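1. Sequence and predicted structure below; questions after.
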Amino acid sequence: MNLLKMRKRGAGVLIALAVILFTGTGLPAFAQEQETGKVTNRPIPRFVSLKASEGNVRRGPSLTHRIDWVFTRRDMPLRITAEHGHWRRVEDRDGMGGWVHYSLLSGTRTALVEKDMLTLHARPDAKAPVMAALERGVVARVSECTVEWCYLRSGGYKGWAPKARLWGVGATEIFD
């Protein structure tokens, strides 16, 4: 193998490494483009929360469509999967959902605890002191997420919890 071929092969490895570092996966950036909503031009799917203490869930995106059920938990995290005018198709943790008027939704980020007695830590580190423990099913406010941890507040308690134990934040989502 001559030096020129080795340089080309090395450059390919560097390019592949750059793709992994800057896109977060081994997929090229163009393969990761996320769908956006036609109304808001925001990513689909995305997480929001229920603003109201009750929200009618309809079969279609209008008041003329039948109400299938009512969400009754304020701040419950929901995933938006489609948009149509002032309506958003949402689903809950169990994949159940339908169409909800956008005025019932909030951009406030919340998450549902999926592990019983989930410990909240002082820092995003499993060895950090434990500040509290949350029961399965608790809805907590999320103010920051790193690659593996999210900062939660619930019932006067706050701390860091592993992202993998929550529903309401994307696995690769990072924000502060």
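-> Alright, I've got the coordinates. These numbers come from a predicted model, not from an experiment.

2. start to end distance for stretch 160-170?
-> From its first residue to its last, stretch 160-170 covers 16 Å (C-alpha to C-alpha, to the nearest Å).

3. next one: it to chain centre, how far?
-> How far stretch 160-170 lies from its chain's middle: 8 Å, per C-alpha atoms, centre = their mean, to the nearest Å.

4. buried sites along that stretch?
-> Using 16 or more other C-beta atoms under 10 Å as the test for burial, stretch 160-170 gives 160-161, 163, 165-166, 168-169. Glycine gets a C-beta too; all of them are placed from N, C-alpha and C.

5. Can you tell me which of those residues is nearest residue 100?
-> In terms of C-beta to C-beta, no member of the buried residues of stretch 160-170 lies closer to residue 100 than residue 168, at 15.9 Å.

6. of the buried residues of stretch 160-170, closest to residue 90?
-> Nearest member of the buried residues of stretch 160-170 to residue 90, counting by C-beta to C-beta, is residue 168, at 12.1 Å.

7. how about the closest one, phi and psi?
-> phi 140, psi 0 (degrees, to the nearest 10).

8. Show me which pair in the buried residues of stretch 160-170 is furthest apart.
-> Farthest pair in these (C-beta to C-beta) is 160 and 168. Separation: 15.4 Å.

9. Could you give the number of residues near the nearest residue to residue 104 once chain neighbours are set aside?
-> Spatial nearest neighbour of residue 104, chain neighbours left out: residue 55 (4.3 Å); criterion: C-beta to C-beta, 6 or more residues apart in numbering. Residues near residue 55, counting by other C-beta atoms under 10 Å, number 22.
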